[in-house]
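Peer 1: This is the structure alone, sequence omitted:
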Ligand SMILES: [Zn+2]
């Protein structure tokens, strides 16, 4: 038999949000439940339970102990993590424009290019989408700039966060 491995020891390499990760909560009374909701995190924080994670592999799966709840909270997106996401917790200086490859620029939801002029980098589109949703930062379509752009055409959450129905785009300017 093996001891569970340490999730904390893997640092940022532990994929907390992996969809196939199975989280197990063992209560002080020995009760066992699985899943990962905020309540479980709070119980673990309060010392009422211990969280584990089964990380499925192709040929075998491994059991990890969630031994750094701060890392867990950052990894799960429960708290913002500037280092992991590349995004400072501030009002980003965002330039955006509708993608020239957008097949239907008149649609309610369109693909856009986003550029951050504040020095942040887009490592975590979900974190970015959450920030933008929370702040609804004022942005403006950019034109003719040469800085590298980030295509977000594949990221539905960001597209949802940033592309509004056309009639309300002016509110973002
Ligand atoms: Zn920024």
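Peer 2: Done, it's in. Computed from a predicted model, the values in this text were never measured in an experiment. Numbers count the residues shown, from 1 in each chain.

Peer 1: average model confidence for the lengthiest strand in the chain?
Peer 2: In the chain, with assignment by DSSP state E, the single longest strand is strand 49-56. When pLDDT is averaged over strand 49-56, the result is 96.

Peer 1: Return the list of helices and strands in contact with it.
Peer 2: strand 22-27, helix 38-45, strand 61-65 (3 or more CB pairs under 8 Å, 6 or more residues apart in numbering; DSSP states H and E). In this view, the C-beta of every residue, glycine as well, is placed from N, C-alpha and C.

Peer 1: Check which residues of stretch 103-112 are buried.
Peer 2: Going by neighbour count (16 or more other CB atoms under 10 Å), the buried part of stretch 103-112 is 110-112.

Peer 1: related to what we said a few turns ago, quick one: strands adjacent to the longest strand of the chain?
Peer 2: In the sheet, strand 49-56 lines up against strand 22-27 (antiparallel), strand 61-65 (antiparallel) (DSSP bridges).

Peer 1: Tabulate those strands (CSV), appending mean pLDDT, mean neighbour count and distance to the ion.
Peer 2: As requested, the strands paired with strand 49-56 are exported to CSV (pLDDT from 0 to 100; neighbours: other CB atoms under 10 Å; distance: least, CB to the ion, whole Å):
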stretch, mean pLDDT, mean neighbour count, distance to the ion
strand 22-27, 96, 18, 31
strand 61-65, 96, 15, 32
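
Peer 1: of all the ones you listed, which lies closest to residue 46?
Peer 2: strand 22-27 (11.3 Å; CB to CB).

Peer 1: The closest one to helix 38-45, inter-axis angle?
Peer 2: Computed by axes from the mean of the first three to the mean of the last three CA atoms, to 10 degrees, the angle separating strand 22-27 from helix 38-45 equals 50 degrees.
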